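Novice: Sequence and predicted structure below; questions after.
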Amino acid sequence: MDNASTSDFEVVTERAQEYIPAPPAEVVVEAKKKVLFVASEAAPFISTGGLAEVVGSLSKSLAKSDVFDMRVILPLYQDIRKEHRKDLRYLGNLYVPLSWRNQYCGVFEYRSEGVTFYFVDNEYYFKRPGCYGYYDDGERFAFFSRAVMEILGFIGFYPDILHCHDWQAALAAIYLKTVYCLRPEYQHIRAVFTIHNIEYQGKYSLDILEDLFGLPHRCLSLVEYDNCINLMKGAIECSEAVTTVSPSYAEEIKQPYFAHGLDPIIRRNAFKLTGILNGIDPEFYDPASDVSLFANYDAKHMKNKAVCKAELQKMFALPQKPDTPVVAMVSRLVAGKGLDLVKDVIEQALREDMQFIILGTGESAYENFFSDLANRYQGKVVAVISFNSDLARKIYSGADLFLMPSRSEPCGLAQMIASRYGAVALVRETGGLKDSITPYGAGGNGFTFRDYNAGDLLYVIGEALGTYRNKDAWQSLVKKAMKTDFSWSASSKYYEELYLRLLK
Ligand code: GLC
């Protein structure tokens, strides 16, 4: 009896199943993977350089893919631009434990182009001009990183990937893997650490481990290096993946010449290191729509680039000669940017028919050198010792040739922006410069030289000025530079793959 009824039942259900339509494939919606960028700056809110641009534009690009729920967290500095500050939404506050301290932490939110930004508010730490350079930067960014860990519970967002950028965010990865990993909500989180510049590692005296960073003594070996606390080293050890901002730089930092002492750590962790070339936001850096330019143009309509050049020359009281090449630099005036090479050869180069414009601030020795040069070569050399992004774009658009002879350059964005604005880049073959600019002689989009040597720089400046005199050759080189794809579309795929691999 039992048997019979069971089999009857089976027959009925089998038949019934024949009539149940399979659910359409679209119904199976995979939840987005949650990614949180932790960084000390992000464009458009606050920026001192490339880090902010990359955090801003990469998060936007990843959000577009629809695979990721992208969020970014950064400190609420006093200098966050007013036009953004007024639109921040206050979410509430909490107290953050940091060693024996218990600090106030307000949380604000702002949504833009698919990315949610969070701002960590504490006036004691962040209500100061600028972002860095204070005696207590270690404590400020320890607070920030610890606050990030606490805020996850407060906002109910435990990411799948915690992606920390540079030493200021290194402690977030370290806290995650040493302190918070004991809590179940944090155990699935994978940490990625990106080195934007290995020169700045966050080094502190060993005796503040517990008092200032609130790390138990058992963590010492993770963060200790060369008799110091080294936060970058700690984050490399604690992260499941480490990236840097170009493939060439990923190779270079295995060598002492580039690694500022960290090469043994990089070599030991090479199995989890990848180099992914940065991109720029092509909508933001677009000579066809950029309102800071004197006139707009694109690779097909170049007439207005000549207008930009003439207006730039006029603005700086340079003779308005359309056929005299304008050679430009927009750079922090620090040794790593190759300024000693420029210093050695610029006067020889100036014997040629050219005008030279340099914009930037930095070490006083360079500021003085270039100001003095401009005084001695009036009508030929201009030195603007300040930084102003509006003026930088006017220079990119008015220049013919853009110099970037860095000794070391993790990625560099200026060579990409210059190319997009039709100022042909002349770079040393290092890091991201090597990966983005290829030599004209081999059919490339700019000029390059290999060895860090003033004679080689002078030689290639000569080659570029020679090419400039051949109008057709120059025009097609300018077009090639402008059409090079520097957008994130290729590179953000590598991040996407990396995240998905870590989550498998
Ligand atoms: C740092 C590097 C620079 C890179 C930027 C963004 O500022 O020095 O080369 O382009 O970070 O990653």
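Specialist: That came through, no problem.

Novice: where do the strands sit along the stretch 351-500 of the chain?
Specialist: Along the stretch 351-500 of the chain, counting by DSSP state E, counting those that start in this stretch, strands occupy 355-359, 381-384, 401-404, 424-428, 447-449.

Novice: Output the contacting helices and strands for the fourth one.
Specialist: Going back to what we said before, that points to strand 424-428. If contacts are counted by 3 or more Cβ pairs under 8 Å, 6 or more residues apart in numbering; DSSP states H and E, strand 424-428 sits against strand 401-404, helix 414-420, helix 431-436, strand 447-449, helix 454-469, helix 471-483. Just so you know, the C-beta spots here come from the backbone N, C-alpha and C atoms, and that holds for glycine as well.

Novice: Export these to JSON lines and append columns for mean pLDDT and mean neighbour count.
Specialist: Output for the helices and strands packed on strand 424-428, formatted as JSON lines (pLDDT from 0 to 100; neighbours: other Cβ atoms under 10 Å):
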{"stretch": "strand 401-404", "mean pLDDT": "98", "mean neighbour count": "27"}
{"stretch": "helix 414-420", "mean pLDDT": "98", "mean neighbour count": "26"}
{"stretch": "helix 431-436", "mean pLDDT": "98", "mean neighbour count": "25"}
{"stretch": "strand 447-449", "mean pLDDT": "98", "mean neighbour count": "22"}
{"stretch": "helix 454-469", "mean pLDDT": "98", "mean neighbour count": "17"}
{"stretch": "helix 471-483", "mean pLDDT": "98", "mean neighbour count": "16"}
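
Novice: among the ones you listed, which is nearest the ligand?
Specialist: Smallest distance to the ligand across the helices and strands packed on strand 424-428 (Cβ to the nearest ligand atom): 6.0 Å, for helix 431-436.

Novice: got the buried residues for stretch 262-271?
Specialist: Neighbour-count burial for stretch 262-271, counted by 16 or more other Cβ atoms under 10 Å, picks out 262-263, 265-266, 269.

Novice: rewinding a little: now tabulate the helices and strands packed on strand 424-428 in a markdown table and tack on distance to the ligand.
Specialist: Listed next are the helices and strands packed on strand 424-428 as a markdown table, based on distance: least, Cβ to the nearest ligand atom, whole Å:
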| stretch | distance to the ligand |
| --- | --- |
| strand 401-404 | 10 |
| helix 414-420 | 8 |
| helix 431-436 | 6 |
| strand 447-449 | 16 |
| helix 454-469 | 19 |
| helix 471-483 | 18 |
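
Novice: Which among these is found nearest to residue 188?
Specialist: Proximity of these to residue 188 was assessed by Cβ to Cβ; the nearest stretch is helix 431-436, lying at 32.7 Å.

Novice: helices and strands around the closest one, which ones?
Specialist: helix 247-252, helix 414-420, strand 424-428.

Novice: how far is that helix from where the chain is centred?
Specialist: Distance, stretch centre to chain centre, for helix 431-436: 14 Å (Cα atoms, centre = their mean, to the nearest Å).

Novice: For that helix, report the contacting residues that lie outside it.
Specialist: If you take Cβ atoms under 8 Å, 6 or more residues apart in numbering as the criterion, helix 431-436 is touched by 245-249, 252, 277-278, 404, 406, 408-412, 415-416, 419, 425, 427, 448, 484, 486.

Novice: From the buried residues of stretch 262-271, which land in helices?
Specialist: Judged by DSSP state H, the buried residues of stretch 262-271 include 263, 265-266 as members of helices.

Novice: give me the residue from this structure nearest the ligand.
Specialist: The ligand sits closest to residue 50 of the chain, with a gap of 2.6 Å, by Cβ to the nearest ligand atom.

Novice: Report how many residues lie close to that residue.
Specialist: Per other Cβ atoms under 10 Å, the neighbour tally for residue 50 reads 22.

Novice: isn't it right up against residue 409?
Specialist: No: with contacts counted by Cβ atoms under 8 Å, residue 50 stays clear of residue 409, the gap being 9.8 Å.

Novice: mind listing what the residue lying closest to residue 319 once chain neighbours are set aside touches?
Specialist: Spatial nearest neighbour of residue 319, excluding adjacent residues (Cβ to Cβ, 6 or more residues apart in numbering): residue 379 at 6.2 Å. When contacts are counted by Cβ under 8 Å, 6+ apart, residue 379 touches 317-319.

Novice: Next: residue 193.
Specialist: With contact taken as Cβ under 8 Å, 6+ apart, residue 193 is in contact with 163-165, 170, 173, 235-236, 238-239, 241-243.

Novice: so of these, which ones are in strands?
Specialist: Among the contacts of residue 193, the members falling in strands (DSSP state E) are 163-165, 241-243.

Novice: Pipe these into a markdown table and attach neighbour count and distance to the ligand per row.
Specialist: Below are those laid out as a markdown table (neighbours: other Cβ atoms under 10 Å; distance: Cβ to the nearest ligand atom, whole Å):
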| residue | neighbour count | distance to the ligand |
| --- | --- | --- |
| 163 | 30 | 13 |
| 164 | 26 | 14 |
| 165 | 29 | 8 |
| 241 | 21 | 16 |
| 242 | 25 | 14 |
| 243 | 21 | 10 |
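
Novice: Between all of the residues you listed, which two are at the greatest distance?
Specialist: 165 and 241 (13.2 Å).

Novice: these two touch, right, residue 401 and residue 466?
Specialist: No: assessed by Cβ under 8 Å, residue 401 is found out of contact with residue 466, at 11.6 Å.

Novice: before we move on, back to that, nearest to residue 157, of the strands of the stretch 351-500 of the chain?
Specialist: Using Cβ to Cβ, those put strand 401-404 closest to residue 157, at 39.0 Å.

Novice: got the contact list for the closest one?
Specialist: Residues outside strand 401-404 that contact it (Cβ under 8 Å, 6+ apart): 325-331, 337-338, 342, 396, 412, 414-415, 418-419, 423-428, 433, 447, 461, 464-465, 468.

Novice: Pull up the pairing partners for it, direction included.
Specialist: strand 326-330 (parallel), strand 424-428 (parallel) (DSSP bridges).

Novice: could I get these as CSV with mean neighbour count?
Specialist: Formatted as CSV, the strands paired with strand 401-404 follow (neighbours: other Cβ atoms under 10 Å):
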stretch, mean neighbour count
strand 326-330, 25
strand 424-428, 26
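
Novice: Now render the ones you listed as a markdown table, adding distance to the ligand and mean pLDDT.
Specialist: Output for the strands paired with strand 401-404, formatted as a markdown table (distance: least, Cβ to the nearest ligand atom, whole Å; pLDDT from 0 to 100):
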| stretch | distance to the ligand | mean pLDDT |
| --- | --- | --- |
| strand 326-330 | 13 | 98 |
| strand 424-428 | 12 | 98 |
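
Novice: where are the low-confidence patches of this protein?
Specialist: Under the criterion pLDDT under 70, the flagged ranges of the chain are 1-29.

Novice: Show me which residues of it are close to the ligand?
Specialist: 49-51, 54, 196-197, 245, 278, 409-413, 432 (Cβ under 6 Å from any ligand atom).

Novice: I'd guessed residue 449 sits against residue 459; true?
Specialist: Yes: contact criterion Cβ under 8 Å: residue 449 and residue 459 qualify, at 7.2 Å.

Novice: so how many other residues sit close to residue 143?
Specialist: Neighbours of residue 143 under the rule other Cβ under 10 Å: 25.
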